[in-house]
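1. no sequence on hand, only this structure:
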(Lines give C-alpha, C1' and ligand atoms only; values in the text may rest on other atoms or scores of the structure.)
Protein backbone atom coordinates (compact mmCIF):
# COMPACT_ATOMS: atom_id res chain seq x y z
CA UNK A 1 0.00 0.00 0.00
CA UNK A 2 1.26 3.39 -0.92
CA UNK A 3 0.82 6.31 1.39
CA UNK A 4 0.59 9.75 0.02
CA UNK A 5 2.10 12.37 2.15
CA UNK A 6 0.99 15.86 1.30
CA UNK A 7 0.42 18.74 3.53
CA UNK A 8 -3.06 20.14 3.77
CA UNK A 9 -3.01 23.75 2.86
CA UNK A 10 -5.27 26.07 4.72
CA UNK A 11 -7.60 28.25 2.70
CA UNK A 12 -6.67 31.92 2.58
CA UNK A 13 -8.59 34.09 5.03
CA UNK A 14 -11.82 35.56 3.76
CA UNK A 15 -12.22 39.28 3.29
CA UNK A 16 -13.72 41.05 6.29
CA UNK A 17 -17.11 41.59 4.63
CA UNK A 18 -17.56 37.86 3.98
CA UNK A 19 -16.65 36.56 7.44
CA UNK A 20 -19.37 35.25 9.70
CA UNK A 21 -20.07 37.54 12.64
CA UNK A 22 -18.07 36.66 15.74
CA UNK A 23 -20.56 37.90 18.36
CA UNK A 24 -22.88 35.06 19.35
CA UNK A 25 -24.23 36.50 22.58
CA UNK A 26 -25.11 39.94 23.79
CA UNK A 27 -26.82 42.96 22.35
CA UNK A 28 -24.58 43.37 19.29
CA UNK A 29 -25.17 39.79 18.18
CA UNK A 30 -28.81 40.61 17.36
CA UNK A 31 -27.72 43.28 14.87
CA UNK A 32 -25.11 41.17 13.10
CA UNK A 33 -26.68 37.73 13.30
CA UNK A 34 -27.05 35.34 10.40
CA UNK A 35 -28.75 32.69 12.56
CA UNK A 36 -32.18 31.84 11.17
CA UNK A 37 -33.71 31.49 14.62
CA UNK A 38 -32.59 34.93 15.76
CA UNK A 39 -33.75 36.47 12.49
CA UNK A 40 -37.14 34.78 12.96
CA UNK A 41 -37.38 36.22 16.46
CA UNK A 42 -36.49 39.68 15.13
CA UNK A 43 -39.21 39.42 12.48
CA UNK A 44 -41.70 38.29 15.13
CA UNK A 45 -40.79 41.10 17.53
CA UNK A 46 -41.04 43.69 14.78
CA UNK A 47 -44.41 42.30 13.68
CA UNK A 48 -45.59 42.49 17.30
CA UNK A 49 -44.48 46.13 17.56
CA UNK A 50 -46.31 47.06 14.37
CA UNK A 51 -49.32 45.05 15.58
CA UNK A 52 -49.52 47.37 18.58
CA UNK A 53 -49.35 50.44 16.29
CA UNK A 54 -52.06 48.95 14.05
CA UNK A 55 -54.17 48.30 17.16
CA UNK A 56 -53.87 51.95 18.21
CA UNK A 57 -55.00 52.96 14.72
CA UNK A 58 -57.95 50.56 14.94
CA UNK A 59 -58.83 52.02 18.34
CA UNK A 60 -58.86 55.55 16.89
CA UNK A 61 -61.04 54.38 14.00
CA UNK A 62 -63.48 52.71 16.41
CA UNK A 63 -63.59 55.79 18.63
CA UNK A 64 -64.45 57.91 15.60
CA UNK A 65 -67.26 55.52 14.66
CA UNK A 66 -68.55 55.02 18.23
CA UNK A 67 -71.23 57.65 17.85
CA UNK A 68 -72.79 59.83 15.19
CA UNK A 69 -70.83 62.85 14.01
CA UNK A 70 -67.61 61.68 15.67
CA UNK A 71 -65.11 64.43 16.41
CA UNK A 72 -62.11 62.32 17.37
CA UNK A 73 -60.57 62.54 13.87
CA UNK A 74 -61.09 64.82 10.92
CA UNK A 75 -62.08 63.28 7.59
CA UNK A 76 -58.50 63.42 6.30
CA UNK A 77 -57.14 61.95 9.53
CA UNK A 78 -59.74 59.17 9.42
CA UNK A 79 -58.76 58.28 5.84
CA UNK A 80 -55.10 58.29 6.81
CA UNK A 81 -55.75 56.07 9.86
CA UNK A 82 -57.88 53.66 7.83
CA UNK A 83 -55.26 53.35 5.09
CA UNK A 84 -52.35 53.05 7.49
CA UNK A 85 -54.19 50.45 9.59
CA UNK A 86 -54.74 48.26 6.53
CA UNK A 87 -51.18 48.75 5.33
CA UNK A 88 -49.78 47.96 8.76
CA UNK A 89 -51.81 44.83 9.30
CA UNK A 90 -51.10 43.35 5.87
CA UNK A 91 -47.55 44.42 5.08
CA UNK A 92 -46.03 45.06 8.51
CA UNK A 93 -47.75 42.41 10.64
CA UNK A 94 -49.14 39.55 8.54
CA UNK A 95 -46.32 39.11 6.07
CA UNK A 96 -43.43 39.54 8.56
CA UNK A 97 -45.16 37.14 10.95
CA UNK A 98 -45.35 34.50 8.22
CA UNK A 99 -41.67 35.10 7.43
CA UNK A 100 -40.85 34.84 11.15
CA UNK A 101 -42.41 31.39 11.43
CA UNK A 102 -40.84 30.31 8.15
CA UNK A 103 -37.38 31.51 9.18
CA UNK A 104 -37.57 29.90 12.57
CA UNK A 105 -39.22 26.56 11.87
CA UNK A 106 -38.58 25.47 8.27
CA UNK A 107 -34.79 24.95 8.61
CA UNK A 108 -35.48 22.98 11.80
CA UNK A 109 -38.11 20.85 10.08
CA UNK A 110 -35.94 19.96 7.10
CA UNK A 111 -32.79 19.48 9.15
CA UNK A 112 -30.81 22.29 7.57
CA UNK A 113 -28.02 24.01 9.44
CA UNK A 114 -29.13 27.42 8.21
CA UNK A 115 -31.14 29.07 5.47
CA UNK A 116 -29.65 29.77 2.06
CA UNK A 117 -28.18 33.26 1.80
CA UNK A 118 -28.43 34.21 5.49
CA UNK A 119 -27.09 37.75 4.91
CA UNK A 120 -29.80 38.37 2.32
CA UNK A 121 -32.29 37.06 4.87
CA UNK A 122 -31.03 39.57 7.44
CA UNK A 123 -31.06 42.35 4.83
CA UNK A 124 -34.73 41.52 4.19
CA UNK A 125 -35.44 42.01 7.88
CA UNK A 126 -33.76 45.43 7.91
CA UNK A 127 -35.74 46.43 4.80
CA UNK A 128 -39.00 45.54 6.55
CA UNK A 129 -38.04 47.38 9.73
CA UNK A 130 -36.77 50.57 8.11
CA UNK A 131 -39.55 50.50 5.49
CA UNK A 132 -42.14 50.42 8.26
CA UNK A 133 -40.38 53.17 10.15
CA UNK A 134 -40.21 55.21 6.94
CA UNK A 135 -43.96 54.81 6.39
CA UNK A 136 -44.69 55.84 9.97
CA UNK A 137 -42.35 58.81 9.72
CA UNK A 138 -45.06 60.49 7.64
CA UNK A 139 -47.02 61.08 10.85
CA UNK A 140 -44.17 63.23 12.17
CA UNK A 141 -44.03 65.18 8.92
CA UNK A 142 -47.68 66.20 9.02
CA UNK A 143 -49.34 62.89 8.22
CA UNK A 144 -51.30 64.14 5.23
CA UNK A 145 -50.88 62.99 1.65
CA UNK A 146 -49.20 65.21 -0.89
CA UNK A 147 -51.62 67.63 -2.48
CA UNK A 148 -51.53 69.19 -5.89
CA UNK A 149 -51.66 72.93 -6.10
CA UNK A 150 -54.90 73.57 -7.96
CA UNK A 151 -54.01 77.10 -9.06
CA UNK A 152 -51.85 76.16 -12.00
CA UNK A 153 -51.58 73.25 -14.38
CA UNK A 154 -47.97 72.43 -13.60
CA UNK A 155 -47.75 68.73 -12.78
CA UNK A 156 -44.65 69.37 -10.70
CA UNK A 157 -46.43 71.76 -8.33
CA UNK A 158 -46.87 69.22 -5.55
CA UNK A 159 -46.96 70.30 -1.94
CA UNK A 160 -45.30 67.65 0.20
CA UNK A 161 -47.19 67.06 3.42
CA UNK A 162 -45.29 64.09 4.68
CA UNK A 163 -46.87 60.91 3.34
CA UNK A 164 -44.32 58.23 2.61
CA UNK A 165 -46.63 55.79 0.81
CA UNK A 166 -47.98 56.09 -2.73
CA UNK A 167 -51.70 55.34 -2.06
CA UNK A 168 -51.78 58.33 0.25
CA UNK A 169 -50.56 60.44 -2.67
CA UNK A 170 -52.46 62.11 -5.50
CA UNK A 171 -55.99 60.78 -5.76
CA UNK A 172 -56.99 61.88 -9.25
CA UNK A 173 -56.06 59.10 -11.70
CA UNK A 174 -54.96 61.49 -14.44
CA UNK A 175 -52.77 63.43 -12.03
CA UNK A 176 -51.34 60.19 -10.68
CA UNK A 177 -50.52 58.99 -14.19
CA UNK A 178 -48.95 62.34 -15.02
CA UNK A 179 -46.90 62.19 -11.84
CA UNK A 180 -45.67 58.64 -12.35
CA UNK A 181 -44.99 58.87 -16.08
CA UNK A 182 -44.07 62.55 -16.31
CA UNK A 183 -41.18 63.58 -18.45
CA UNK A 184 -39.75 67.09 -18.49
CA UNK A 185 -41.29 69.22 -21.21
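-> Yep, it's here. All values reported here derive from a predicted model rather than from experimental measurement. Numbers count the residues shown, from 1 in each chain.
2. quick check: residue 129 touching residue 47?
-> No - counting by CB atoms under 8 Å, residue 129 does not reach residue 47; the two are 10.3 Å apart. For glycine as for every other residue, the C-beta is placed from the backbone atoms N, C-alpha and C.
3. please tell me how far residue 52 sits from residue 88.
-> Here residue 52 is placed at a distance of 10 Å from residue 88 (CB to CB, to the nearest Å).
4. comparing these two, which residue is more hemmed in?
-> Each of residue 52 and residue 88 has its neighbours counted (other CB atoms under 10 Å); residue 88 has more, 23 against 11.
5. what's the pLDDT at residue 32?
-> Note on residue 32: pLDDT of 79.
6. repeat that for residue 129.
-> 95.
7. OK, contacts around it?
-> By CB atoms under 8 Å, 6 or more residues apart in numbering, the residues touching residue 129 are residue 46.
8. what's the distance between it and residue 92?
-> Separation of residue 129 from residue 92 (CB to CB): 9 Å.
9. next one: residue 136
-> Relative to residue 92, and taking CB to CB, residue 136 is found at 9 Å.
10. and residue 35, by the same measure?
-> 23 Å.
11. many thanks, I have nothing further to ask.
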